[in-house]
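Participant: Got a sequence here, can you model it:
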Amino acid sequence: MLVEASRPHGGDRGAGCRRRTLGGRRRIAETRTRPIVPTLGRVSGGGALKNVIVYLVGPPGVGKYTVGKLLADRLAAKLLDNHFWTNPILEVVEPDGSPFPAGVWDRTNDVLSAVLEAVARFGPAGRNYVFTHAVSDQGGHPIDWIIAGRILWVAERRRASLLVVRLACGEEQLRERISTEERRRRFKTTNAEQARSLASLAPFPINHDWVLDLDTSGLGPAETTDRIQRELETRLHA
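Facilitator: Have a look, this model is predicted:
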């Protein structure tokens, strides 16, 4: 889904979301079935990773944003959290718990499309990126597949190496993490009653050669970041 907060859990996301496919049905099918292989990410002469994209995907509350900030700092990467493109619109709407006006998600889709197009076409050569993506439906909603396909397209367009990191977390830990004031301020899901269903979700079944699965239940953000960084370095040195 495009945002963790206030969006219906499962079910219809709105006709506008279905119309704005950001690449259409073909891209969804390719993301599910066509192998996507890393290309020209590299380690520079000084040991720094260049032209790498890390795609953190998983349910709300598993630590995507926290880990993403640490990882972006270590990789000198630009963090593009899923709220990067939704919150500019939500801050104007000022959510109060009531249903959003018609067309709100169309506007967030417009921002998403513009951001990813800018990264693909205008991002500095060699720049690293960290994306986060919250998925709340078993197997992913069609909109999740559109977002995933678009991020994979960005990696292909930039000829970057892409590591997909699927994060998960146990119910008890999710329940503790999800209902915080910081999450509420960032328009994130804060309903602890969703912890059981979110913890039961299978990993988002994206088709890619470089996938790392991590359960963050017993891992702190720094240790999770360490494991992702080691995985990147190992694969790029192989």
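Participant: just checking, residue 79 is part of a strand?
Facilitator: Yes: counting by DSSP: H, G, I helix; E, B strand; the rest coil, residue 79 falls inside a strand.
Participant: wait, isn't residue 50 in contact with residue 124?
Facilitator: No: the criterion here is Cβ atoms under 8 Å, and residue 50 misses it with residue 124 at 10.5 Å. Bear in mind the C-beta positions are built from the backbone N, C-alpha and C, glycine included.
Participant: More neighbours: those two, which one.
Facilitator: residue 50 (19 against 7; other Cβ atoms under 10 Å).
Participant: beta partners for that one?
Facilitator: Here residue 50 sits in beta bridges with residue 42, as judged by DSSP bridges.
Participant: Tell me how far it lies from residue 105.
Facilitator: Distance of residue 50 to residue 105, given as Cβ to Cβ, to the nearest Å: 35 Å.
Participant: go on, residue 90?
Facilitator: If you go by Cβ to Cβ, the gap between residue 90 and residue 105 works out to 10 Å.
Participant: and these two? which has more neighbours close in?
Facilitator: More crowded of residue 90 and residue 105, by other Cβ under 10 Å: residue 105, with 22 against 19.
Participant: Three-state assignment for that one, please.
Facilitator: Classification of residue 105 by three-state DSSP places it in helix.
Participant: tell me the average confidence for stretch 67-87?
Facilitator: Averaged across stretch 67-87, pLDDT comes to 92.
Participant: Over to stretch 220-237?
Facilitator: Mean per-residue pLDDT for stretch 220-237: 94.
Participant: For that stretch, buried residues please.
Facilitator: By 16 or more other Cβ atoms under 10 Å, the buried positions in stretch 220-237 come out as 221, 224, 225, 227, 228, 229, 231, 232, 235, 236.
Participant: measure stretch 73-82 end to end?
Facilitator: Taking Cα to Cα, to the nearest Å, stretch 73-82 runs 18 Å from one end to the other.
Participant: Now do the helices in the protein.
Facilitator: Along the chain, counting by DSSP state H, helices occupy 15-19, 24-33, 64-75, 83-93, 104-122, 142-158, 171-178, 181-185, 195-199, 221-237.
Participant: deepest of these, which one?
Facilitator: Mean neighbours per residue, mean count of other Cβ atoms under 10 Å, is largest over the helices of the chain for helix 142-158, with a mean of 22.
Participant: Who are the packing partners of that helix?
Facilitator: The contact analysis (3 or more Cβ pairs under 8 Å, 6 or more residues apart in numbering; DSSP states H and E) places helix 142-158 against helix 24-33, strand 52-58, helix 104-122, strand 128-134, strand 161-168.
Participant: Now do it against strand 161-168, angle only.
Facilitator: 150 degrees (axes from the mean of the first three to the mean of the last three Cα atoms, to 10 degrees).
Participant: Point to the residue nearest the middle of the chain.
Facilitator: Geometric centre of the chain, nearest residue: residue 133, 2.0 Å, by Cα atoms, centre = their mean.
Participant: Check that one and give its pLDDT.
Facilitator: At residue 133 the predicted local distance difference test score is 95.
Participant: got any ranges where the chain has weak pLDDT?
Facilitator: Applying pLDDT under 70 to the chain flags residues 1-47, 178-193.
Participant: one more time with 80
Facilitator: Counting by pLDDT under 80, the chain shows low-confidence ranges at 1-47, 94-100, 175-195, 238.
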